[in-house]
Structures are given as structure tokens and as C-alpha cells.
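Engineer: build me a model:
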Amino acid sequence: METKILQTTENDIKEAGRIIRNGGLVAFPTETVYGLGASAFDPRAAKKIYAAKGRPSDNPLIVHVCSETQLSEVVGEIPDTAAKVIDAFMPGPVTIILKKKTVIPDEVTAGLDTVAIRFPLDKTAQALIREAGVPVAAPSANISGKPSPTKSKHVIKDMFGRIDAIIDGGDCAVGVESTIIDFTGDKPLILRPGGITYDDILNIGAEVDIDSNILQLIDTDKTPKCPGMKYKHYAPDAEVTVVEGEKKAVQNKIKELLTENKNVMAGVLTMNGADYDNAVILHAGSTNKEYARNLFSALREFDELGVKIVFAEFCEQDAYGLAVKNRLYKAAAQRVIHV
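Structural biologist: Model prediction:
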């Protein structure tokens, strides 16, 4: 398949919209990560997404809309707490799970009677959905299990030749996927932390709980209600180990680990800007918000540089830390050292 590289011009967005209307696949930027979009009303197009990514078919897709009117076309009743979240954070990096209407096929929701809905803040994403004329089902635009793409070059590496078009929209501002909140249970539940934090949600008067599986995977016999709950995610080719704790203790432990692995090409993802001998050092940022923005790109860069093992510094210093920890723990397949 010949993949077109499109820009964010009006004409290119119109072309991308036509591709989606006609059952094709388009990768596009959002404020979180790049998405791989298809018509949310077309079951055959949804199957193409799973094939292009190598994604398990029981891993549901998020449906992207460009207006509250479009949202009401695909979901049933909106509870009061969900309405608060919509008013406060949509458009933005948040996804809500509600009961779906039958217009959304089972191929999009992995057979569930619920659907995950997001109204992205990114103007290019909004323009694409408007031009397509339909809600757009879109997981992240990467090979399943690999770090999510936050730059167009990441999408080109993973998806060129697999999909119809890629819109080059530059770098993503948030860098980790949206916060997902399930409103279909007894109490609203955060299933995946992201750009909207737990504290942000409490601050608008919406009471929510945090799912116990955020830092681990659910049982293999269960169908996940949202992406990222069941299968390996965000993992580079290099083996990642998270070293978590107070700054000096983390640095000393990583120096010890580098000595133990001196014959292996190693990398360190640092929050503190420390110097390490015999390692490729990438700086994730000094805050968890910066860490989130740089994390996936750094993991991909380690692979490009031929690094075989990565030690990632981490300190959960603010409310954004849960989103970073969620991604790091899964990228590391739960290899975590607490110091």
C-alpha cells in the first residue's frame, strides 16, 4: 500500500476526510498522541485498524467526536457526573465510557455494550472529524505494544505502507494518552490516568475512584473496557527497569546497576539530570508533566541508538505522576525497583 504523507492544509484535511468516509485509514495528530482513524460507523474499517496495528480484537477502540451533538448521536443517557466532566474538560485529553447506541458496531467496542468517547482539543483532529462527517474510531497510531507515537516520524516508521495516509501535525503537546473514566458502574472509575488528573476531576466536584488495575494488567480471561488494561503496552525493544524513590538513592542504585551491566549498552532516562558513566543519557524533564510529554519519544530514541537496557528514574512528585507511572510500569513489564 502506498501511504500518502499529508500536511495540515485545508485541502489535505479534505482529502483525509474523504479517505475516512470511503472506508480508509488515516493517522492524525491529537494533543495526546497520534491516532489511527477510521469511520466509527464502518465495521470493515474497524477491522482494518486491528490488522494494521496487529492489535488484539478484544481491545476496544476510542471513538473521537468533534461536537457535543455528535457525542449524543453515539451514546445513551449521560449521567450528571459525566456531564460535569464533559463541561469542564471536553474538548481535551479525557475519554468517557458510556452505554453506546446501536449505530456503533461491535467491531469498534470489542462486543461491549459500552463505548469510549473523546472530543480532542487538537484543531487538526477536530477539522478531520468534521470533514469525515462521522465519528472517528482511533487507537494510537503505532504497532500494538510499542511506545505510542508523539511525533509524525514515529507514525511513519510504524505505519508507512500499512495505511492510506498520515497527517504530519508536528509534535503532540501532552505526550501520553487521555484519561479514561468509566461512568457505567456504581461509581465513576478512572481506568487510565492521563492529561486530566484525579485532582482535576475532584476539583470540579465530581467524585471518582481509581481502578486497582492502573499499575498492572487485568486477567487474561477478561475483556478490557478500554485500551491499555490487558495487553503489553508502550514497550521499546530495550528492556526497561524503573528505579523509583528519593533522588540520591535512585541515582546510587542506577550507578550500581550500570556497573553490574557494564558489558551491555545501557541507557538512563533521567528526571534529575544526573551524570552516569558508560550510559546513553536522555533527560525526561524535571516535572512529571514534562516526563509525560517526553517519555514515549525517549523510549523510541533509545531503540534507535541501539540501547539494550534502560534504567528509568522516577519520583511521583505531583498529581501528574500517576499517568507517568502507569506508562513506565507497563513499558517495564512491572520491573520496578523501590529504593
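Engineer: OK, contacts around the nearest residue to residue 183 once chain neighbours are set aside?
Structural biologist: Nearest residue to residue 183, sequence neighbours excluded (C-beta to C-beta, 6 or more residues apart in numbering): residue 82, at 4.4 Å. All C-beta spots, glycine's among them, are computed from the backbone N, C-alpha and C. For residue 82, the contact set (C-beta atoms under 8 Å, 6 or more residues apart in numbering) comprises 96, 98, 181, 183, 188.
Engineer: secondary structure element for residue 27?
Structural biologist: strand 26-28 (DSSP states H and E).
Engineer: which elements pack onto that strand?
Structural biologist: helix 10-21, strand 35-39, helix 123-132, strand 165-167 (3 or more C-beta pairs under 8 Å, 6 or more residues apart in numbering; DSSP states H and E).
Engineer: and which of the contacts of residue 82 is nearest to residue 136?
Structural biologist: Taking C-beta to C-beta as the measure, residue 136 lies nearest residue 96 of those, at 16.1 Å.
Engineer: where does the protein have low pLDDT?
Structural biologist: The model of the chain has pLDDT under 70 over residues 216-232.
Engineer: swap the cut-off to 50 and go again
Structural biologist: Filtered on pLDDT under 50, the chain yields the residue ranges 230.
Engineer: all helices of it, in order?
Structural biologist: In the chain, the segments counted as helices under DSSP state H are 10-21, 43-53, 68-74, 80-89, 106-109, 123-132, 152-159, 198-202, 247-260, 288-304, 321-331.
Engineer: how about these, which one is nearest residue 172?
Structural biologist: Closest approach to residue 172 among the helices of the chain (C-beta to C-beta): helix 288-304, 7.8 Å.
Engineer: one step back: just name the most buried of the helices of the chain.
Structural biologist: Compared across the helices of the chain, helix 321-331 shows the largest average neighbour count, a mean of 24 (mean count of other C-beta atoms under 10 Å).
Engineer: helices or strands next to that helix in the packing?
Structural biologist: Taking 3+ C-beta pairs under 8 Å, 6+ apart as the contact cut, helix 321-331 packs with strand 239-244, helix 288-304, strand 309-314.
Engineer: could these go into TSV alongside distance to residue 63?
Structural biologist: Listed next are these as TSV, based on distance: least, C-beta to C-beta, whole Å:
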stretch	distance to residue 63
strand 239-244	31
helix 288-304	23
strand 309-314	32
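Engineer: quick one: closest of these to residue 156.
Structural biologist: Nearest to residue 156, of these and by C-beta to C-beta, is helix 288-304 at 12.0 Å.
Engineer: how many degrees apart are that closest one and helix 321-331 in direction?
Structural biologist: For helix 288-304 against helix 321-331, the angle by axes from the mean of the first three to the mean of the last three C-alpha atoms, to 10 degrees is 20 degrees.
Engineer: which residues are contacting helix 288-304?
Structural biologist: 33, 147-151, 154, 172-176, 195, 234, 236-238, 240, 267, 269, 271, 280, 282-285, 310, 314, 316-318, 320-321, 323-324, 327-328, 331.
Engineer: list only buried entries from these.
Structural biologist: 33, 147-151, 154, 172, 174-176, 195, 234, 236, 238, 240, 267, 269, 271, 280, 282-285, 310, 314, 320-321, 323-324, 327-328, 331 (16 or more other C-beta atoms under 10 Å).
Engineer: still on that earlier bit, residue 164: which of the helices and strands packed on helix 321-331 is closest?
Structural biologist: Evaluated over those, closeness to residue 164 peaks at helix 288-304, with 23.3 Å, by C-beta to C-beta.
Engineer: export the closest one as PDB, just CAs?
Structural biologist: This file holds the C-alpha atoms of helix 288-304, laid out as PDB (Å, rounded to 0.1, in the frame of the first residue of the first chain):
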ATOM      1  CA  ASN A 288       6.100  14.700  35.800                       C
ATOM      2  CA  LYS A 289       4.200  16.800  33.200                       C
ATOM      3  CA  GLU A 290       7.500  17.200  31.200                       C
ATOM      4  CA  TYR A 291       8.200  13.500  31.700                       C
ATOM      5  CA  ALA A 292       4.800  12.600  30.200                       C
ATOM      6  CA  ARG A 293       5.500  14.700  27.200                       C
ATOM      7  CA  ASN A 294       8.900  13.200  26.500                       C
ATOM      8  CA  LEU A 295       8.500   9.600  27.700                       C
ATOM      9  CA  PHE A 296       7.500   7.700  24.500                       C
ATOM     10  CA  SER A 297       9.800   9.700  22.300                       C
ATOM     11  CA  ALA A 298      12.700   8.900  24.600                       C
ATOM     12  CA  LEU A 299      11.900   5.200  24.700                       C
ATOM     13  CA  ARG A 300      11.900   5.200  20.900                       C
ATOM     14  CA  GLU A 301      15.200   7.100  20.800                       C
ATOM     15  CA  PHE A 302      16.900   4.500  23.000                       C
ATOM     16  CA  ASP A 303      15.900   1.800  20.400                       C
ATOM     17  CA  GLU A 304      17.200   4.000  17.500                       C
END
